[in-house]
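J.: Sequence and computational prediction follow.
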Amino acid sequence: MTFSYYPGCTLKTKAKELDRCGRLAMEKLGVGLEEIKEWQCCGGAYPMAQDEIATKLSSVRALVSAREEGRDLVTLCSACHNVIKQVNNEIRVNPDMSLRANNYLALENPYHGETKVLHYLEVLRDVVGFDKVASAVTAPFTGKKISAYYGCLLLRPASVLQMDNGENPKIIEDFIRAIGADPVIYPMRNECCGGYATLEKEEFAGKKASAVLESAGGAGASCLVTACPLCLYNLKKSGDGSLPVYYFTELLAAALGVPGVNVNIVSEGAA
């Protein structure tokens with residue numbers, strides 16, 4: 001089984017481990033990820049203006065590319081997933097946006113939202129199955145207490161992303177169980193880390209990220225896992241290192257025994 005794959009800019013630069021471990025883990029699970037050709041930056045944030053079209057066209061190109069290959073489109077970065085899926089939804093439900101996008105791109109075969117967009121975690125849950133992931137694990141994180149950090153973009157708006165319950169999700173906790181660890185639920189797992197305020201309001205962003213770390217550590221977590229490069233950056237910058245933060249693909253690859261991927265987590269929580 002092979003999917004079209006959109007990596008996005010950050011996974012080629014600052015978040016290479018999110019991408020590398022994700023690809024290697026899917027290989028282990030027998031799933032192919034074929035990078036789409038000539039992809040462009042998704043923009044990093046979904047433009048809310050209804051008359052905005054130019055910054056949405058790169059997402060439409062990626063969606064069209066996957067459709068031409070006859071495949072679903074898989075994303076891994078939380079921000080890329082959010083942008084591409086929201087653009088796809090708008091093309092599907094907004095005839096004016098669909099018309100303008102098709103006119104701008106001069107598509108011989110107009111695009112109307114036919115491509116299915118999946119986050120990597122959805123592939124694990126709905127295609128591979130967490131039970132099969134668990135059976136493929138050779139180095140389980142038995143006894144490790146791990147907290148999921150969802151952040152803002154992975155689940156919201158829930159009515160469009162339709163990935164999990166936006167307020168009480170469990171997809172990453174189920175993933176944590178599949179790799180043999182114990183998920184730790186804490187109050188701020190859905191709260192913003194201050195991501196997009198980092199450059200202009202560094203102190204504010206630091207307070208937001210520190211609050212997330214304190215919440216997870218206070219609940220007994222030994223580490224946090226996330227799917228968002230910006231979240232990982234902010235959390236690491238604001239922390240003192242006592243509560244490690246990893247991409248969930250790093251833990252997946254390590255649990256599957258991928259050579260060269262090592263994640264060391266202490267058994268005791270940070271509390």
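T.: Arrived safely, thanks for sending.
J.: Surely Ala136 is in contact with Val31?
T.: No. Between Ala136 and Val31 there is no contact under C-beta atoms under 8 Å: 11.1 Å. Every residue, glycine included, has its C-beta placed from N, CA and C.
J.: where does the residue located most distally from the centre of the chain land in three-state SS?
T.: Distance from the C-alpha centroid of the chain, by C-alpha atoms, centre = their mean, peaks at Glu108 (32.0 Å). Following DSSP: H, G, I helix; E, B strand; the rest coil, the label given to Glu108 is coil.
J.: could you measure it against Leu63, distance?
T.: 16 Å (C-beta to C-beta, to the nearest Å).
J.: do the same with Asn165
T.: On the measure of C-beta to C-beta, Asn165 and Leu63 end up 26 Å apart.
J.: now Asp72
T.: 11 Å.
J.: Same check on Thr115?
T.: 4 Å.
J.: any residues in contact with both of these two?
T.: 73, 88 (C-beta atoms under 8 Å, 6 or more residues apart in numbering).
J.: Which parts of the stretch 1-150 of the chain are strands?
T.: Assigned by DSSP state E, counting those that start in this stretch, the strands in the stretch 1-150 of the chain fall at 2-6, 32-35, 73-75, 117-119, 145-148.
J.: Make JSON lines out of those and add distance to Met26, mean pLDDT and mean neighbour count.
T.: Putting the strands of the stretch 1-150 of the chain into JSON lines (distance: least, C-beta to C-beta, whole Å; pLDDT from 0 to 100; neighbours: other C-beta atoms under 10 Å) gives the following:
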{"stretch": "strand 2-6", "distance to Met26": "9", "mean pLDDT": "98", "mean neighbour count": "22"}
{"stretch": "strand 32-35", "distance to Met26": "5", "mean pLDDT": "98", "mean neighbour count": "14"}
{"stretch": "strand 73-75", "distance to Met26": "9", "mean pLDDT": "98", "mean neighbour count": "26"}
{"stretch": "strand 117-119", "distance to Met26": "12", "mean pLDDT": "98", "mean neighbour count": "23"}
{"stretch": "strand 145-148", "distance to Met26": "20", "mean pLDDT": "98", "mean neighbour count": "28"}
